[in-house]
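S.K.: structural data only, the sequence is not supplied:
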């Protein structure tokens, strides 16, 4: 069969509707944009290492709302993706 050849297959409205529904369902299920991203949680120590800052700086930035901390019990965690998004680009003068 030639790749550029078109074959017409006659189907009833219901058969065509079912075929389209199944095809769309498969596309939606396989679409990675619909899946929530798995976010890596970092401890305070890991966050300080990532940002190359002292724990007191991390505490100050969290208190000011510059970055967001999440708690589980008495432990604090930071979402790596949010930390990277909170970085701002500095424009160089030149």
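M.R.: Good, I have the coordinates. If you're wondering where the values come from, they're calculated on a predicted model, not measured in any experiment.

S.K.: now do the buried residues in the host helix or strand of residue 47.
M.R.: Secondary structure assigned from DSSP states H and E places residue 47 in helix 44-51. By 16 or more other CB atoms under 10 Å, the buried positions in helix 44-51 come out as 44, 47, 48, 51. For glycine as for every other residue, the C-beta is placed from the backbone atoms N, C-alpha and C.

S.K.: contacting residues around the nearest residue to the second one once chain neighbours are set aside?
M.R.: Read it as residue 47. Nearest residue to residue 47 in three dimensions, chain neighbours excluded: residue 78, at 4.5 Å (CB to CB, 6 or more residues apart in numbering). Contact analysis of residue 78 by CB atoms under 8 Å, 6 or more residues apart in numbering lists 41, 42, 44, 47, 67, 68, 69, 70.

S.K.: rerun that using 7 Å as the cut-off
M.R.: Counting by CB atoms under 7 Å, 6 or more residues apart in numbering, residue 78 touches 42, 47, 67, 69.

S.K.: just the ones of these in helices?
M.R.: Residues of the contacts of residue 78 located in helices (DSSP state H): residue 47.

S.K.: can you list the contacts of residue 78 in JSON lines and add distance to residue 29 and pLDDT?
M.R.: Listed next are the contacts of residue 78 as JSON lines, based on distance: CB to CB, whole Å; pLDDT from 0 to 100:
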{"residue": "42", "distance to residue 29": "31", "pLDDT": "96"}
{"residue": "47", "distance to residue 29": "35", "pLDDT": "96"}
{"residue": "67", "distance to residue 29": "35", "pLDDT": "94"}
{"residue": "69", "distance to residue 29": "35", "pLDDT": "96"}
